[in-house]
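J.: kindly return the folded structure for what I paste below:
(2 chains)
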Protein chains: 2
Amino acid sequence: MSVSTSFVVSVIGLGSMGMGAAKSSVSAGLTTYGFDLNPNALAAFKEHGGIAATTLSEATKEADAILLMLVNSAQCDEVLFGKNGIANSLKANAVIILGSTTSASYAKTLNEKLQAIGLRMIDAPVSGGAAKANTGELSVMASGSDDAFADCKPLFDAISAKLYRVSDSVGGGASVKMINQLLAGVHIAAAAEAMALGIKAGLDPEMVYEIISNSAGSSWMFQNRVPHILAGDYTPKSMVDIFVKDLGIVLEAGKEFKFPLPISASAHQQFLSASAAGFGQEDDSAVIKVYPGITLPAAK
Amino acid sequence: MSVSTSFVVSVIGLGSMGMGAAKSSVSAGLTTYGFDLNPNALAAFKEHGGIAATTLSEATKEADAILLMLVNSAQCDEVLFGKNGIANSLKANAVIILGSTTSASYAKTLNEKLQAIGLRMIDAPVSGGAAKANTGELSVMASGSDDAFADCKPLFDAISAKLYRVSDSVGGGASVKMINQLLAGVHIAAAAEAMALGIKAGLDPEMVYEIISNSAGSSWMFQNRVPHILAGDYTPKSMVDIFVKDLGIVLEAGKEFKFPLPISASAHQQFLSASAAGFGQEDDSAVIKVYPGITLPAAK
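T.: Model prediction:
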């Protein structure tokens, strides 16, 4: 639905999730700037009708909402406070929306730093994958003040099918996303372990997938990732190293809270093993490659 | 659907799954004997129109198919070869259907013993829970000979919505069920770990359940078991000790194959911890009780 509005959006980071959100913002009729270091991503965004900015400053100086869709908190810090950092050159009353998956403690600290210079922030990690990002149907787990949410309504309407208001104080969104990532990571690693054992036991992996998908052992991740294994296609939709990071955030929270997380720790070790073996940039389903002595389905 | 048939069924073990299957067999018009050591179960079965046998011999001597829905392989051995064992007093050409979850190696050994005395066997573990058992809509993962399946078609039609013929040789059904139980067990333990961390992080558990159920972190088990935690109701639908056993079968297979299963092993330790702490006979969602220092939702 295209609407007329003067609301200006800036999306920093045009990876698969950021690109989808940025395109959805354009499709909703919002003036949308995009920025990425990758020129191909910028060109693709421009082709979709977005404003491809060549500097961070150009991308953000007119923006009412700046959506950060970056890989990790270090990149967020660089964009906001680094050499060409934008934090001190934004419009008064602009809202920073932290769409990246970070720890709750990072989100809270960032909020304090932004508040100190008169900026508002919403932490708003997303779920749903590139497909849902492209259609503007992300699930967003967000926390922040009522006025910030009210001001950013056009953007959330554009990118999300479900906007969960987790709490009024920044950090709640990151906490819920962390719980989701704990489960998502364990489920991918468990799907890999299960398929590996099935292959070792001599079962037909296609049949195992079909039966489990219709049984109590199924999960969203099992149904989504096992087809990559069956096709022998480890082209990254989401990479092994993302779960090295995200389960790392989970385990850091465990240390901060002094709380045991043995199953998460076990799954994290499997992603670390996959990364150490050279599969860090492959699809996260490549975690199955750490199980030795089996022959995986070949690429088709 | 009630049909007229001379096919005679015997169901040994009228727990939640066996009772459901036995009732479905009655409802389908099959002459159905039931046996259990629990007189209340027998009475309930009789009320539903089943023939409540008072001895194993009475329950099985006329049966064309004997469905074993027992807790473990030791009980199966006792029923077949123990003091009042039935193996040597069945009708010629009767088919033993092993509906219990056992190891594939047990199923294969049992098949050899039964073949030696002229009996046929299908290993047919089930999935779907008590609700699906009651409505005759179980998923059955079965392996055995064509003639045995042909002869037992009336029973499988009565109890299952999906009958997966895994292979022609006994053991395949048990192997697939093992893969399902690996995932089911890990997913229950992961659901517990995730909800425990959410509570520790100060999140509202009802909200976490709602958001995760609609996100990529969801699983069949997360959606099915977390409501027990939210209700503070650990009345056993399926007990902690069932997963002590079933993940134990998974890990035994790992030892037999010399194959590493670190995530399954981690989940098994959590069920063992729960059992050691005295929760073995509670609902398997009680595995969350091993996470210390949090306050779980109270019973409603």
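
J.: per-residue pLDDT, the closest residue to residue A:223 other than its chain neighbours?
T.: Leaving aside its chain neighbours, residue A:223 sits nearest to residue A:213 (5.5 Å; criterion: CB to CB, 6 or more residues apart in numbering or on different chains). C-beta: built from backbone N, CA, C; applies to glycine. We note a pLDDT of 95 for residue A:213 in this prediction.

J.: these two touch, right, residue A:213 and residue A:220?
T.: No: taking contacts as CB atoms under 8 Å, residue A:213 lies outside contact range of residue A:220: 11.0 Å.

J.: so for those two, which sits in the more crowded spot?
T.: More neighbours surround residue A:220 than the other of residue A:213 and residue A:220, with 22 against 15 (other CB atoms under 10 Å in any protein chain shown).

J.: which residues are in contact with that one?
T.: For residue A:220, the contacting residues are A:184, A:187, B:215-219, by CB atoms under 8 Å, 6 or more residues apart in numbering or on different chains.

J.: dump the residues you listed into TSV; add neighbour count as well.
T.: Output for those, formatted as TSV (neighbours: other CB atoms under 10 Å in any protein chain shown):
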residue	neighbour count
A:184	32
A:187	29
B:215	23
B:216	21
B:217	28
B:218	25
B:219	31
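
J.: wait, which of those is closest to residue A:169?
T.: Proximity of the contacts of residue A:220 to residue A:169 (CB to CB) peaks at residue B:215, which lies at 21.3 Å.

J.: what sits closest to the closest one if chain neighbours are left out?
T.: residue A:127 (4.3 Å).

J.: the one you found against residue A:177, yeah?
T.: Yes: between residue A:127 and residue A:177 a contact is recorded at 7.2 Å, counting by CB under 8 Å.

J.: of those two, who's got more company?
T.: The residue with more neighbours, out of residue A:127 and residue A:177, is residue A:177; 32 against 27, by other CB under 10 Å.

J.: after the strand or helix carrying that one comes which helix or strand?
T.: Using DSSP states H and E, residue A:177 falls within helix A:172-200. On the C-terminal side of helix A:172-200, the nearest following helix or strand under DSSP H and E is helix A:205-213.

J.: ok, and for that next one, which residues are buried?
T.: Within helix A:205-213, the residues that count as buried by 16 or more other CB atoms under 10 Å in any protein chain shown are A:205, A:207-209, A:211-212.

J.: for stretch A:115-129, same thing?
T.: A:119-129.

J.: give me the neighbour count for the closest residue to residue A:34 other than its chain neighbours.
T.: Spatial nearest neighbour of residue A:34, excluding adjacent residues (CB to CB, 6+ apart): residue A:45 at 4.3 Å. Neighbour count of residue A:45, defined by other CB under 10 Å: 25.

J.: re the thing from before, look at the residue nearest to residue B:215 and report its pLDDT.
T.: On the pLDDT scale, residue A:127 gets 91.

J.: so who does it touch?
T.: By CB under 8 Å, 6+ apart, the contact list for residue A:127 reads A:138-141, A:177, A:180, B:215-217.

J.: longest single strand anywhere in chain A?
T.: strand A:160-167 (DSSP state E).

J.: does that strand reach chain B?
T.: Yes: interface with chain B: strand A:160-167 contributes A:162, A:164, A:166 (CB under 8 Å from any CB of the partner chain).

J.: would you mind listing which of those are buried?
T.: By neighbour count, with 16+ other CB under 10 Å, these hold A:162, A:164, A:166 as buried.

J.: which one of those is nearest to residue B:59?
T.: For those, the minimum distance to residue B:59 (CB to CB) is 52.7 Å, reached by residue A:162.

J.: so what's the closest one up against?
T.: Counted by CB under 8 Å, 6+ apart, residue A:162 has contacts A:138-140, B:214.

J.: show the buried residues in the residues you listed.
T.: A:138-140, B:214.

J.: among these, which one sits closest to residue A:22?
T.: Checking the buried ones among the contacts of residue A:162 against residue A:22 with CB to CB, the nearest one is residue A:138 at 12.1 Å.

J.: residues contacting residue A:291?
T.: Applying CB under 8 Å, 6+ apart, the residues near residue A:291 are A:192-193, A:196, A:200, B:259-260.

J.: what's the spacing between the residue of the stretch 1-150 of chain A found nearest chain B and residue A:184?
T.: Taking CB to the nearest CB as the measure, the point where the stretch 1-150 of chain A comes nearest chain B is residue A:127, at 4.3 Å. According to CB to CB, to the nearest Å, residue A:127 and residue A:184 sit 8 Å apart.

J.: give me the common contacts of those two.
T.: Common neighbours of residue A:127 and residue A:184 (CB under 8 Å, 6+ apart) are B:216-217.

J.: and for the most far-flung residue of chain A relative to its centre, nearest residue in space, chain neighbours not counted?
T.: Here chain A reaches farthest from its C-alpha mean at residue A:202, the gap being 36.0 Å by CA atoms, centre = their mean. What sits nearest to residue A:202 in space, not counting adjacent residues and going by CB to CB, 6+ apart, is residue B:175, at 7.6 Å.

J.: was I right to think that neighbour contacts residue A:200?
T.: No: proximity of residue B:175 to residue A:200 does not meet the contact threshold set by CB under 8 Å, at 10.0 Å.

J.: the more surrounded of these two?
T.: residue B:175 (27 against 20).

J.: what residues are up against that one?
T.: A:198, A:201-203, B:104, B:166, B:253 are the contacts of residue B:175 under CB under 8 Å, 6+ apart.

J.: what of residue A:148?
T.: Applying CB under 8 Å, 6+ apart, we find residue A:148 in contact with A:95, A:120-122.

J.: residue A:193 too?
T.: By CB under 8 Å, 6+ apart, the neighbours of residue A:193 are A:270, A:288, A:291, B:182, B:186, B:261-264.

J.: save those residues as CSV, and put in secondary structure too.
T.: Formatted as CSV, the contacts of residue A:193 follow (DSSP: H, G, I helix; E, B strand; the rest coil):
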residue, secondary structure
A:270, helix
A:288, helix
A:291, coil
B:182, helix
B:186, helix
B:261, coil
B:262, helix
B:263, helix
B:264, helix
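
J.: about what we covered before: how near is the residue nearest to residue A:223 to residue B:101?
T.: 19 Å.

J.: let me know the secondary structure of residue A:43.
T.: helix.

J.: would you agree it is in contact with residue A:52?
T.: Yes: between residue A:43 and residue A:52 there is a contact under CB under 8 Å: 7.0 Å.

J.: what about the two, which has more around it?
T.: It is residue A:52, of residue A:43 and residue A:52, that has more neighbours when counted by other CB under 10 Å, with 21 against 11.

J.: next up, the contacts around the residue of the stretch 51-200 of chain A at minimum distance from chain B.
T.: Taking CB to the nearest CB as the measure, the stretch 51-200 of chain A has residue A:183 as its residue closest to chain B, at 3.4 Å. Residues in contact with residue A:183 (CB under 8 Å, 6+ apart) are B:190-191, B:194, B:212, B:217-219, B:222.

J.: quick one: the helices in the stretch 1-150 of chain A, in order.
T.: Under the criterion DSSP state H, counting those that start in this stretch, helices of the stretch 1-150 of chain A are mapped to A:16-27, A:39-47, A:56-60, A:73-81, A:104-116, A:129-134, A:146-151.
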